[in-house]
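Participant: Provide a 3D model corresponding to the input given below.
(2 chains)
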Amino acid sequence: MQVPAPFEYERATSVDQAIGLLERLGSSARLVAGGHSLLPMMKLRLANFEYLIDINDLHAELGYIRLSDDEVRIGAMTRHRELLESDVLAGVFPIFRDAEKVIADPIVRNRGTLGGSLCQADPSEDLSAVCTTLDASCVIRGPGGSERVVTMEEFHVGPYETAVADNEILTEVRIPRKTFRVGSAYAKVERRAGDWAVVSAGAAVWLDQGRIVDARVGLAAVGPNTTGIPEISAALRGHEPDESLFELAGAIAARSCEPVTDTRGSADYKRHLADELTRRTLRKAVERARS
Amino acid sequence: MTDIQDKKLTEFDDNDQHPVGFGRMLRKEDARLLRGRGRFVDDVQLPGMLHLAILRSPFAHANIVSIDTSAAEASPGVKAVVTGETLKGLGLAWMPTLSNDVQAVLATDRVRFQGQEVAFVVAEDRYQARDALELIDVEYDVLEPVVDVRKALDPDAPVIRTDLEGKTDNHVFDWETGDEEETNRVFASADVIVKEDIVYPRVHPAPMETCGSVADFDPVEGRLRLWSTTQAPHAHRTLYAIVAGIPEHKIQVIAPDIGGGFGNKVPIYPGYVHSIVGSIVTGKPVKWMEDRSENLISTGFARDYIMRAEIAATAEGRILAIRTNVLADHGAFNGTAAPVKYPAGFFGVFTGSYDIQAAHCKMTAVYTNKAPGGVAYACSFRITEAVYLVERIVDALAYELRMDPAELRLKNFIQPEQFPYTTKTGWVYDSGNYEPTMRLAMEMAGYEELRKEQELKRARGELMGIGISFFTEAVGAGPRKNMDILGLGMADGCELRVHPTGKAVVRLSVKTQGQGHETTFAQIIAEELGIPPADIDVLHGDTDNTPFGLGTYGSRSTPVSGAAAALVARKVRDKAKLIASAMLEVSVADLDWVKGAFQVKGDPGRSVTIQEIAFRAHGAGDLPDGVEGGLEAQICYNPSNLTYPHGAYICVVDIDPGTAEVKVRRFIAVDDCGTRINPMIIEGQVHGGLTDGVGMALMEMISFDEDGNCLGASLMDYLIPTALEVPDWETGYTVTPSPHHPIGAKGIGESATVGSPPAIVNAVVDALKPFGIRHADMPLTPSRVWDAMRGQATPPI
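Facilitator: Take a look at the predicted model:
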């Protein structure tokens, strides 16, 4: 049995109480939501914290998917399983269901959360790629009820690093809705079901009168963080989608990413996948936008 | 792939046919295991028990400059901190391996692989023990490691085994089999020669339960009780007697329920010895249970053979000869578990199922700075490597000859009338009838239709592959005239006792790790005595109440102990016959055995059941002259030969041309293991082995970086397949009994692990034929398949 180093444990009863604890304990404390990334790291003693603040009781407060005309708001404690099963979410942004189907396994999905996934800031993480694709913004709450909203680009500071300070909590993710026809899709290549992505890609396309008003692509596992590729958006806007456009987008994706060779695959292969999966997800997103 | 909705759940309805003997029945042990009543080593709790944790080397190769244990000793709950220096004082720093090498129990001078045992802590609970490890301060002087096996024998390679006097290189052994001169002659006259470099990478069995032990040394009685995760409790007891100097009759080794072994639990690991030392030092019971990373980085790996294969044939596809040159990576200590005279295990069966004129193998084994092991993961003593070699090179030959690989195999099979067949490397195949097995597999697969489908798909640019493997295994080690482990002959004892009421207990020397011994052996006794399996208890795993024998591995339980069980039952039956003759007042010659009873010839109305005889054997009244009371017998069975099961496997894969992902669409496995005792258990064994095969072919590999760091230290890094990677297995069978086994049975436990990797790899290579690919090494991950598609396939090491 792998055992972590000793730590103290407390269950938070509200977001503000959790922030109070964070404020008091500083960097020696860590929030635990689903715990499926944090606990293995602690057991391997790659992560050692003096205090764990368990925020699972905040699910009532932070577990929700709310749809309005101009945005979708998802609470940070919303579990993978809830994202997977939400027909409302799948109806607007099917990319979520695509991604959730290939995230880990049912046991992890029962417990893991959207906020936990984003805050882990693993470069291979799927929901970060989804949120990047959808141009999501993150709501971060701090002491005294202060709130700030940051873009995904601002949120991810580096591998395993976010804009969330020691005394803050990510509370919500907001995804803008536009008045155009929208389609989105996600694809992932993995060595085995439940494995981290070798590479994955998300795409979202907004169409007006058959032309692309906006398009976004988010990639995972091919760089320090899952960032969007503005060049693809620029290249696609204003055009009628077709295969040559997807090819162009794929080529941009391949040259814009920074994969490294590891046991999941060679850098060349990952670059190839960035191309292949960008084309596939764009094709699918357009198909969905049109239907 | 079959969707769950399509699966007919009724197809399992006939799994329990309540046979009195052979047939499908549910496993007797499953109720216990499925309902949480199994008792594994980690379930053992003894009063005052302490816990042990091991400090392991972070480096692959380093001199130990100093070890400071003072902070650990002062840590809360710590009872003892033991280093190599402590053990040296007790003469216990080194222990023999199963291959007549030595291995450090705790490193004294130097660490030789990452994960090697450096010190251990005994504390009141496992958390205190683990925390105290952090407080041990070891100063290392890091040395250059030998990681690339191909460079291990370079003149300037660092010498790893400086502990061996006079050792100046990393050479372990050279081994040779077959006739080199004759093979060269045949090669020289052949129309076609195909050569391929084939790597079988290092993999790990990764049993669900990791290794561990609980040692309880009683200083007053001088008695040691050891619960341990062992596949061979009796052999271990003898070795502990030799290593620790405790008299053998004072040692009791208990292997309780074992959560998977696959050869990983054959060797004696330092941790077991640590727990014994820990108990002696503290006077308390001591438990050691390794964690997943420790299991993956330090315990017995499998394979790690680099093989150059060559095959010679006529232009018409008649295979003439096979030769191979193998470089074997044995890690830092030669800890291979194999019969002493077989340093390369049973690799000599690399001639496969084919009638050829000549064969030759040369092998060199070397030390590297990696964990020791080699024989594990259901390999049947290296037959996995041998079958992979021959089935891969035969496919390469088919490619060159533009012949269908099924046709090429059918053309070269050893014919049924040639059995017993002596191979060119001296193995005597006991029986076989290959063509019907192959034809059945092809029929089940719809082979011709699959080829047509493939042709259509190729025309559309789709990548579909059909792979075949046909294997012959050699299992059931073994005849004691030429097989032993550290001098212990590979025979198996068995004892059978029938109680007065006709219930029975059979005691085995082998030990299940999940194979279903408690059911299979009850069925063997049931078949011979007519006592229902439910009335037969199977005892195993405890050296104090089972007869001596060498344990369960290499698919040897049914071939060796299964024979012992049948023969001991026959001994009981012979005695029962004498008692029956007295009960029925007829001569022995006038009795017929009808399963479960003796009846008077020509008078079926007059009979006595085995239960009635059992009561009489223990009851009042006279027994025939010279017959003792009771109804029991014992035996020690020495097999006259190995058994040689065979099988034909066909795999169908689809490869995504864009991402290079391989999907195993279908897998047809036709096995011939002779007499089938419990078909349900056989199918279960086959399903497990096929899943192993998917893992090895597509994802599993223990790899190292250039510093010798193990890159497969967790199940996140070392991938094993799940239900989602495997198809709905299609199994079939033929029956060619073993002529020398009392019930005609052959081993089955490892057939699928041995036979499936080449079928899957052959299928992938077949799918890649449009790219001109003749070979690609495992593991065929998407990235490596993509390399192959671009003509850039590389060996994994």
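Participant: which residues does the residue of chain A found nearest chain B bridge with?
Facilitator: The nearest approach of chain A to chain B comes at A:Gly265, 3.1 Å away (CB to the nearest CB). Yep, even glycine has a C-beta here, placed from its N, CA and C like the rest. Beta bridges link A:Gly265 to A:Asp262 when assigned by DSSP bridges.
Participant: shaky segments in the stretch 1-150 of chain A?
Facilitator: Along the stretch 1-150 of chain A, no part satisfies pLDDT under 70.
Participant: so which bits of chain A are right by chain B?
Facilitator: A:1-3, A:5-6, A:40, A:44, A:105, A:189, A:191-196, A:198, A:263-266, A:269-270, A:272-273, A:276-277, A:280 (CB under 8 Å from any CB of the partner chain).
Participant: give the ChimeraX command for selecting the buried subset of the residues you listed.
Facilitator: Buried residues among the residues of chain A next to chain B (16 or more other CB atoms under 10 Å in any protein chain shown), as a ChimeraX selection:
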select /A:2,3,40,44,189,191,192,194,195,196,198,263,264,265,266,269,270,272,273,276,277,280
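Participant: keep only those of the residues of chain A next to chain B that are in strands.
Facilitator: When these are checked against strands (DSSP state E), the matches are A:Val189.
Participant: among the residues of chain A next to chain B, which are located in helices?
Facilitator: A:Pro40, A:Tyr269, A:Lys270, A:His272, A:Leu273, A:Glu276, A:Leu277, A:Arg280 (DSSP state H).
Participant: just give the nearest non-adjacent residue to the first one, would you?
Facilitator: To tie it back to what came earlier, the one meant is A:Pro40. Using CB to CB, 6 or more residues apart in numbering or on different chains and skipping residues adjacent in sequence, the residue nearest A:Pro40 is B:Met716, 7.5 Å away.
Participant: looking at it, the one you found is touching A:Met41, isn't it?
Facilitator: No - B:Met716 lies out of contact with A:Met41 (CB atoms under 8 Å); the separation is 10.7 Å.
Participant: more neighbours: which of these two?
Facilitator: A:Met41 (16 against 13; other CB atoms under 10 Å in any protein chain shown).
Participant: so what's that one up against?
Facilitator: A:Ala47 (CB atoms under 8 Å, 6 or more residues apart in numbering or on different chains).
Participant: ok, now B:Thr69?
Facilitator: So B:Thr69 contacts B:Val81, B:Thr83, B:Ala119, B:Ile136, B:Asp137 (CB under 8 Å, 6+ apart).
Participant: buried subset of those residues?
Facilitator: If you count burial by 16+ other CB under 10 Å, the buried members of the contacts of B:Thr69 come out as B:Val81, B:Thr83, B:Ala119, B:Ile136.
Participant: relative to B:Ser298, how far out is the third one?
Facilitator: Plainly put, B:Ala119 is 14 Å away from B:Ser298 if you go by CB to CB, to the nearest Å.
Participant: mind listing the strands for the stretch 401-550 of chain B?
Facilitator: Taking DSSP state E, counting those that start in this stretch as the criterion, the stretch 401-550 of chain B carries its strands at B:421-422, B:428-429, B:463-472, B:484-485, B:488-489, B:492-498, B:504-508, B:536-539.
Participant: just the stretch 101-250 of chain A next, same as before
Facilitator: Using DSSP E, counting those that start in this stretch, the strands of the stretch 101-250 of chain A run over A:137-141, A:147-151, A:156-158, A:161-162, A:169-176, A:181-189, A:199-208, A:211-220.
Participant: among those, which is the most enclosed?
Facilitator: strand A:199-208 (a mean of 27; mean count of other CB atoms under 10 Å in any protein chain shown).
Participant: and it, what does it pack against?
Facilitator: Strand A:199-208 sits against helix A:95-101, helix A:126-133, strand A:181-189, strand A:211-220, helix A:267-290, with contacts defined as 3 or more CB pairs under 8 Å, 6 or more residues apart in numbering or on different chains; DSSP states H and E.
Participant: any chance you could give me the shortest one in PDB, C-alpha atoms only?
Facilitator: The C-alpha coordinates for helix A:95-101 follow below in PDB (Å, rounded to 0.1, in the frame of the first residue of the first chain):
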ATOM      1  CA  ILE A  95     -18.100  18.600 -27.100                       C
ATOM      2  CA  PHE A  96     -18.600  18.000 -23.300                       C
ATOM      3  CA  ARG A  97     -20.200  14.600 -23.800                       C
ATOM      4  CA  ASP A  98     -17.600  13.700 -26.400                       C
ATOM      5  CA  ALA A  99     -14.800  14.500 -23.900                       C
ATOM      6  CA  GLU A 100     -16.400  13.000 -20.900                       C
ATOM      7  CA  LYS A 101     -16.900   9.700 -22.700                       C
END
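Participant: can you pull up the bridge partners for B:His646?
Facilitator: B:Thr472, B:Asp672.
Participant: for it, which residues are in contact?
Facilitator: By CB under 8 Å, 6+ apart, the residues touching B:His646 are B:Ser353, B:Gly432, B:Tyr434, B:Thr437, B:Phe470, B:Phe471, B:Thr472, B:Glu473, B:Asp671, B:Asp672, B:Thr736.
Participant: what about 10 Å?
Facilitator: Each residue near B:His646 by CB atoms under 10 Å, 6 or more residues apart in numbering or on different chains is listed here: B:352-353, B:413-414, B:429, B:431-434, B:437-438, B:470-473, B:670-674, B:734, B:736, B:746, B:751, B:755.
Participant: pLDDT at residue 258, what is it?
Facilitator: With no chain named, the answer covers chain A. Looking at A:Glu258, its pLDDT stands at 94.
Participant: if you could check chain B rather than the one you did, that'd help
Facilitator: Looking at B:Ile258, the pLDDT reads 97.
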